[in-house]
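**Student:** Build me a structure from this.
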Amino acid sequence: MEEEAPGRDYYFPAVPDMLYPVYFAFLALSDWDKFNVTAQITDDATVFVMQNSSETRIILANPKNVTVKLKLSDAPSSVRGILIDGNTAPKLARERLLLNFDDYLKTYNLNGEIQLEPYSIFIAVI
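**Tutor:** All right, here's what the predicted structure looks like:
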């Protein structure tokens, strides 16, 4: 998959480091095949929404070399989530996030904007 999306400074989604946390979000689910998954690529971010009858996971990825600010509409005021960037991704990989995904979730306030540093990913569990 080597398509260049508008506004990107490299080919996306062919960059494995960027997709690694997305795989975490899928593989950390024992019944991931029961989720309805939608994806959208915009100029500012790539968004995945995974839903089933009991939970929703929102994955926001910033594949650009600039900080972006996003505002989610119709999102709850606080969610459990994890922010993965260039500093935390190697640590999480070493600590085998797949085995302890829920242990890494923190509470985030979604009333305002979400700021994503370059090449970072935010995974929210609602």
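**Student:** all strands in this structure, in order from the N-terminus.
**Tutor:** For the chain, strands defined by DSSP state E occupy the ranges 36-41, 46-51, 56-61, 68-70, 78-84, 106-109, 114-116, 121-125.
**Student:** can you state the direction angle for the longest one and strand 121-125?
**Tutor:** Interaxial angle of strand 78-84 relative to strand 121-125 (axes from the mean of the first three to the mean of the last three Cα atoms, to 10 degrees): 150 degrees.
**Student:** Could you dump the strands of the chain into a markdown table and include distance to Arg94 and mean neighbour count?
**Tutor:** Quick note: C-beta positions are derived from backbone N, CA and C, even for glycine. What follows is those, written out as a markdown table (distance: least, Cβ to Cβ, whole Å; neighbours: other Cβ atoms under 10 Å):
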| stretch | distance to Arg94 | mean neighbour count |
| --- | --- | --- |
| strand 36-41 | 28 | 12 |
| strand 46-51 | 24 | 18 |
| strand 56-61 | 21 | 21 |
| strand 68-70 | 27 | 16 |
| strand 78-84 | 13 | 20 |
| strand 106-109 | 19 | 10 |
| strand 114-116 | 23 | 19 |
| strand 121-125 | 17 | 23 |
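**Student:** quick one: low-confidence parts of this protein?
**Tutor:** 1-33, 93, 96-100 (pLDDT under 70).
**Student:** Let's see that with 80 instead.
**Tutor:** 1-35, 37, 41-44, 63-64, 71-76, 86-104, 110-113 (pLDDT under 80).
**Student:** follow-up on the earlier one: as JSON lines, the strands of the chain with distance to Lys91 would be great.
**Tutor:** Shown next, in JSON lines, are those (distance: least, Cβ to Cβ, whole Å):
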{"stretch": "strand 36-41", "distance to Lys91": "27"}
{"stretch": "strand 46-51", "distance to Lys91": "23"}
{"stretch": "strand 56-61", "distance to Lys91": "19"}
{"stretch": "strand 68-70", "distance to Lys91": "23"}
{"stretch": "strand 78-84", "distance to Lys91": "10"}
{"stretch": "strand 106-109", "distance to Lys91": "15"}
{"stretch": "strand 114-116", "distance to Lys91": "18"}
{"stretch": "strand 121-125", "distance to Lys91": "14"}
